[in-house]
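S.K.: quick one, what's the 3D model for this:
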Amino acid sequence: MNYITALIVCKVSGTPIKFGELRNLRKNKKELEPFLRAIIQLHKGNVTYDRKNLTDYYLNKGNIENVSHGLVIAKVGGKILSLQEAIEKDKIGIDFIKQFEKNKT
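M.R.: Got it, this is the predicted structure:
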């Protein structure tokens, strides 16, 4: 995905993003798509989070899509889960979607 496409996707979804964020990701050889999926999901889920910490986690090989799933699932379920707690759970290998589905049954 190129910068223009990424900016359009964010504009259409209503998710704020700065060109510098995209450049920083590319400069660090990171794909834009996982980052965009995560921030769009968080925006649509009306989740408050620290964008810098989320970006730093992604730049350090973190699974930000899993983290965003966890934050949205927690919010929808009326639970409190901080970004740092979601990151820690991701680091130990918790898959939030699998955990949610397991707890649902």
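S.K.: what ranges of this protein fall below the confidence cut-off?
M.R.: Low-confidence segments of the chain (pLDDT under 70): 105.
S.K.: what secondary structure does residue 68 sit in?
M.R.: helix (DSSP: H, G, I helix; E, B strand; the rest coil).
S.K.: count of neighbours near it?
M.R.: Residue 68 has 26 neighbouring residues, counting by other CB atoms under 10 Å. (Glycine included, C-beta is placed from N, CA and C.)
S.K.: which strand or helix spans the residue nearest to it when sequence neighbours are not counted?
M.R.: The spatially closest residue to residue 68, leaving aside those adjacent along the chain, is residue 38, at 4.0 Å (CB to CB, 6 or more residues apart in numbering). Counting by DSSP states H and E, the element that carries residue 38 is helix 32-44.
S.K.: that helix: how far from the chain's middle?
M.R.: A distance of 5 Å separates the centroid of the chain from that of helix 32-44, by CA atoms, centre = their mean, to the nearest Å.
S.K.: tell me which strands and helices that helix is in contact with?
M.R.: Using 3 or more CB pairs under 8 Å, 6 or more residues apart in numbering; DSSP states H and E as the contact criterion, the elements in contact with helix 32-44 are helix 3-13, helix 19-27, helix 51-59, helix 64-76.
S.K.: convert the C-alpha atoms of that helix to PDB, please.
M.R.: Output for helix 32-44, consisting of C-alpha atoms alone and laid out as PDB, is shown next (Å, rounded to 0.1, in the frame of the first residue of the first chain):
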ATOM      1  CA  LEU A  32       1.100   0.100   6.600                       C
ATOM      2  CA  GLU A  33      -1.900  -2.300   6.400                       C
ATOM      3  CA  PRO A  34      -1.700  -3.800   9.800                       C
ATOM      4  CA  PHE A  35      -1.200  -0.400  11.400                       C
ATOM      5  CA  LEU A  36      -4.200   1.000   9.500                       C
ATOM      6  CA  ARG A  37      -6.400  -1.900  10.400                       C
ATOM      7  CA  ALA A  38      -5.600  -1.500  14.000                       C
ATOM      8  CA  ILE A  39      -6.100   2.300  14.300                       C
ATOM      9  CA  ILE A  40      -9.200   2.200  12.200                       C
ATOM     10  CA  GLN A  41     -10.700  -0.500  14.400                       C
ATOM     11  CA  LEU A  42      -9.800   1.500  17.500                       C
ATOM     12  CA  HIS A  43     -11.300   4.600  16.000                       C
ATOM     13  CA  LYS A  44     -14.500   2.900  15.000                       C
END
